[in-house]
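**Student:** I'll drop the sequence and a predicted model, then ask my questions.
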Amino acid sequence: DVKVTQSSRYLVKRTGEKVFLECVQDMDHENMFWYRQDPGLGLRLIYFSYDVKMKEKGDIPEGYSVSREKKERFSLILESASTNQTSMYLCASSLVQGSTEAFFGQGTRLTVV
Amino acid sequence: AQSVSQHNHHVILSEAASLELGCNYSYGGTVNLFWYVQYPGQHLQLLLKYFSGDPLVKGIKGFEAEFIKSKFSFNLRKPSVQWSDTAEYFCAVKGGSYIPTFGRGTSLIVHP
């Protein structure tokens, strides 16, 4: 079974803090994604990566950055957390080739106070 | 660019009722289509997927979906829902890129 593991289930951070969300997958997938899930808005893509050290902006990259130093690990960074970044963050991974689905982690619920 | 529209945002049913959740996508080329489910407190998991071939796709837990190319639709169906089907359901499309685009989701509540 594919496993996508996010380092924290719940996080509470203060406004202005730098926040790191970590994600690890164990199936040698090339693609990794960070989505943000908000009620009524569904899943919105923040950033994705198709290879080590490669990254592309998604639909809502403002206020976020990412790092992919190793194939299995994809980190989301909130440079200076703000209250409007309070949300559920979902990491996913998939293969590049072929028609395959994305596999998701359990999510990190971040609250910025 | 690809996009997905889910018509029903909240659906409330009684057990044994039939379910149909609408999903329309926008993309001019070949697509892969997915339905994901998120049970309360759990991660998103795949219900079913369409890549090619038979447009009627069967998934887990008695769900099925029909791809109608002329209508750009991929509606999810289940003939008889159970209380355990209470969850949020997301339709997703993957077109020319390898990036899935998700709809806004449908919250389904099934009363026992």
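**Tutor:** Thanks, I have the structure now.

**Student:** after the longest strand along chain A, next one along is what?
**Tutor:** The single longest strand within chain A, with elements called by DSSP state E, is strand A:42-51. Note on strand A:42-51: by DSSP states H and E, the next helix or strand toward the C-terminus is strand A:54-57.

**Student:** hang on, A:V12 packs against A:V113?
**Tutor:** Yes: the criterion here is CB atoms under 8 Å, and A:V12 meets it with A:V113 at 6.4 Å. No exception for glycine: its C-beta is placed from N, CA and C like everyone else's.

**Student:** get me the contact residues on chain A for chain B.
**Tutor:** Residues of chain A that fall close to chain B, judged by CB under 8 Å from any CB of the partner chain: A:31, A:33, A:35, A:40-43, A:45, A:48, A:50, A:58, A:90, A:92, A:94, A:96, A:99, A:101-102, A:104-107.

**Student:** which ChimeraX command selects the buried ones in those?
**Tutor:** Per 16 or more other CB atoms under 10 Å in any protein chain shown, the buried members of those correspond to this ChimeraX selection:
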select /A:31,33,35,42,43,45,48,50,58,90,92,94,101,102,104,105,106,107
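
**Student:** dump the residue contacts of residue 102.
**Tutor:** Unless you meant another one, I'm taking chain A. Remark: with contacts taken as CB atoms under 8 Å, 6 or more residues apart in numbering or on different chains, A:A102 is in contact with A:31, A:33, A:92-94, B:92, B:100.

**Student:** please refer instead to chain B.
**Tutor:** Residues counted as contacts of B:F102 (CB under 8 Å, 6+ apart) are A:35, A:42-43, B:4, B:36, B:90-92.

**Student:** as JSON lines, the residues you listed with distance to A:T83, pLDDT and secondary structure would be great.
**Tutor:** Listed next are those as JSON lines, based on distance: CB to CB, whole Å; pLDDT from 0 to 100; DSSP: H, G, I helix; E, B strand; the rest coil:
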{"residue": "A:Y35", "distance to A:T83": "20", "pLDDT": "97", "secondary structure": "strand"}
{"residue": "A:G42", "distance to A:T83": "21", "pLDDT": "92", "secondary structure": "strand"}
{"residue": "A:L43", "distance to A:T83": "21", "pLDDT": "94", "secondary structure": "strand"}
{"residue": "B:V4", "distance to A:T83": "29", "pLDDT": "94", "secondary structure": "strand"}
{"residue": "B:Y36", "distance to A:T83": "28", "pLDDT": "97", "secondary structure": "strand"}
{"residue": "B:F90", "distance to A:T83": "26", "pLDDT": "97", "secondary structure": "strand"}
{"residue": "B:C91", "distance to A:T83": "30", "pLDDT": "96", "secondary structure": "strand"}
{"residue": "B:A92", "distance to A:T83": "29", "pLDDT": "95", "secondary structure": "strand"}
